[in-house]
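> requesting a structural model of the entry that follows:
(4 chains)
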Protein chains: 2
Amino acid sequence: MLSERQKQIIIESINVIDALGIQGFTIKNLAKAINLSEAAIYRHFKSKTEILCAVLDNFISISSDFLNSIRETDSGSLEKIKQIFEKLSANFSDNPAYVSIIFAEEIFKSEKMLSEKVGKILKRNNDVFNLIIEDGQKNNEIEKKVESQELTLMVMGAFRLMVKNWKMSDFSFDLKESSKKLFISIETLVKNNNF
Amino acid sequence: MLSERQKQIIIESINVIDALGIQGFTIKNLAKAINLSEAAIYRHFKSKTEILCAVLDNFISISSDFLNSIRETDSGSLEKIKQIFEKLSANFSDNPAYVSIIFAEEIFKSEKMLSEKVGKILKRNNDVFNLIIEDGQKNNEIEKKVESQELTLMVMGAFRLMVKNWKMSDFSFDLKESSKKLFISIETLVKNNNF
DNA sequence: AATGTAAGTAAGTATTCACTCACAAAATAA
DNA sequence: TTATTTTGTGAGTGAATACTTACTTACATT
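Modelled structure (predicted):
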C-alpha cells in the first residue's frame, strides 16, 4: 500500500509535469513543490522512474474501478458511453493536471516498462469502448453499417481531441458542456434508425 | 534559406526524438547521429531551441503547401477528406519518425514560442477540416443533423488516434489500408442520404 | 602566392542532473 | 525511561547538460 507521503508525491508529480513538462520534472522541482528536501524523496521512492511508475499505476487503478463499474450496469450501450463521457469530463474539469499525463504518452518514453504500461492503458480503453459498441450493434441499438473498431476510433478519437483542444486553449471552454454536445452528435450519427 | 547541413540537422533531430524521446534529444546524441562534433552543431544553429523551432517550421511549410493544394481542387468535400487521409497516411508510412513530432505536442512545452507554434498548427488543421465539412453541408453532400465542429472532432480525432495506435503497435499494421477503411466508414456515417 | 571565410574540432566552461551518505530529530515500541 | 524505527536533512558525488573558446583545416577569391 501507498503511504500518505507517497500519495502526496504522486499528486505533486502530476502537478509538476503539468506545469513544467517532462523536462521540468526534476527531483529538485518535485521536492520544492512538496516543500521537502531532495534526499527525503528517496525515503519514499527509490528512483525517479519508480515515481513515474506509481503515477501510472495510480491512474490505472482509478480508471479500472470506474470503467468496470460502468460496464456492469445494465444500461444500453449509448447510455454507457454517455456515462463515460460525463464522468471523464467531470474528472478532468476537477483535476486538469491529469490531462498532461494521460494524453502525453511520449512522457513515458524514457523507460521501456513505462511506455509498455501506457500502451496497455490505451489498448484497454480501446477494448472497453469496442465491447460496448459491439454490444450495441448486437442489440440493434447502434448502426451496423460500420464496423465497431471504426466507431471506436471515432468515439475515442473525438473525445481525446476535444480534451486536447481544451487544454491547448488554456481550459477556455466548459469541458462538461462540450462533452455533452459531442455525445449528442455521436448519438445522432450512430443510432440505428432502421429498427 | 536553409543550408544542406541545416536540413540534415533537422532531419536527424526528428530521428533522434523519434528514437529516444525528447529526453534523449541532446546535442551530444544529435551530433553522434550526424557524425559531427557537438561544437559544429552550433555553427549552424545558435541554440537547441532554434533547432526545434526549425523542425516545426519545416513541418508547417510542408503541410501548408499540401493542405492548400487540396483546398484548391474542385473535388467534393468527401473527396477532399479522402485525399487528405491518403496523402497523410502515405507520408507517415514513408517517414514514421514524423509521427513523434506531430502528435507529441508536449515535446515543445519547454519554450513558450514552440508550444504556441504547435497550438497554431493544431488550430489550422482543425480549421481546414471544418471548412471542408461546412462546404459539404452547404452542398447537401454531408449530413446536416450534426454541427460541423463536432464532425471535425470525429474525423480528425479518429485519424489521429489511428496513427497513434499504429505507432504504439510498432507500425504493425498497414496504415494506408487502415486509413482507407476509416475513410469509408466516415463516409458511410456522414453522407447525406436524404437528398 | 596571399588572404578571407566557412566549417570543423578538442578541450574546456558553469550548471544541473539523479542519487548517496553520515547524521539528527521525531515518532513508536519495549 | 530507554531502545528502535521512521522520517528527515545538508553536504556531498560523478555524470550529463547546453554552450563557448581557442585554434585548425579546406577552399574559394583576389
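> do the helix or strand bottoming out on mean pLDDT in chain A and chain B come into contact?
Here the helix or strand of chain A ranked lowest by mean pLDDT, DSSP states H and E is helix A:97-102, holding a mean of 88. Yes. Where contact is defined by Cβ under 8 Å from any Cβ of the partner chain, part of helix A:97-102 touches chain B, namely residue A:100. To be clear about C-beta, it is placed using only N, CA and C from the backbone, and glycine gets the same treatment.
> using PDB, write down the CA coordinates of that helix.
This file holds the C-alpha atoms of helix A:97-102, laid out as PDB (Å, rounded to 0.1, in the frame of the first residue of the first chain):
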ATOM      1  CA  ALA A  97      -3.300  18.400 -14.500                       C
ATOM      2  CA  TYR A  98      -4.200  14.800 -15.200                       C
ATOM      3  CA  VAL A  99      -4.700  15.700 -18.800                       C
ATOM      4  CA  SER A 100      -1.000  16.200 -19.200                       C
ATOM      5  CA  ILE A 101      -0.300  12.700 -18.000                       C
ATOM      6  CA  ILE A 102      -3.000  10.800 -19.800                       C
END
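> what packs against that helix?
Using 3 or more Cβ pairs under 8 Å, 6 or more residues apart in numbering or on different chains; DSSP states H and E as the contact definition, the elements that helix A:97-102 packs against are helix A:4-24, helix A:48-72, helix A:77-94, helix A:148-168.
> can you give me the neighbour number for the closest residue to residue A:161 other than its chain neighbours?
Here the nearest residue to residue A:161 in space, its sequence neighbours aside, is residue B:157; by Cβ to Cβ, 6 or more residues apart in numbering or on different chains that works out to 3.6 Å. Other residues within reach of residue B:157 by the criterion other Cβ atoms under 10 Å in any protein chain shown amount to 24.
> and residue B:157, what pLDDT?
According to the predicted model, the pLDDT of residue B:157 comes to 98.
> now do the one 3 residues further on
According to the prediction, residue B:160 has pLDDT 96.
> against residue A:58, how distant is residue A:51?
Relative to residue A:58, residue A:51 is positioned 11 Å away (Cβ to Cβ, to the nearest Å).
> who touches both of those two?
Each of residue A:10 lies in contact with both residue A:51 and residue A:58 under the rule Cβ atoms under 8 Å, 6 or more residues apart in numbering or on different chains.
> contacting residues for the residue nearest to residue A:45 when sequence neighbours are not counted?
Counting by Cβ to Cβ, 6+ apart, the nearest residue to residue A:45 once its immediate chain neighbours are dropped is residue A:51, at 4.8 Å. Neighbour list for residue A:51: A:9, A:10, A:13, A:30, A:41, A:45 [criterion: Cβ under 8 Å, 6+ apart].
> thank you, goodbye.
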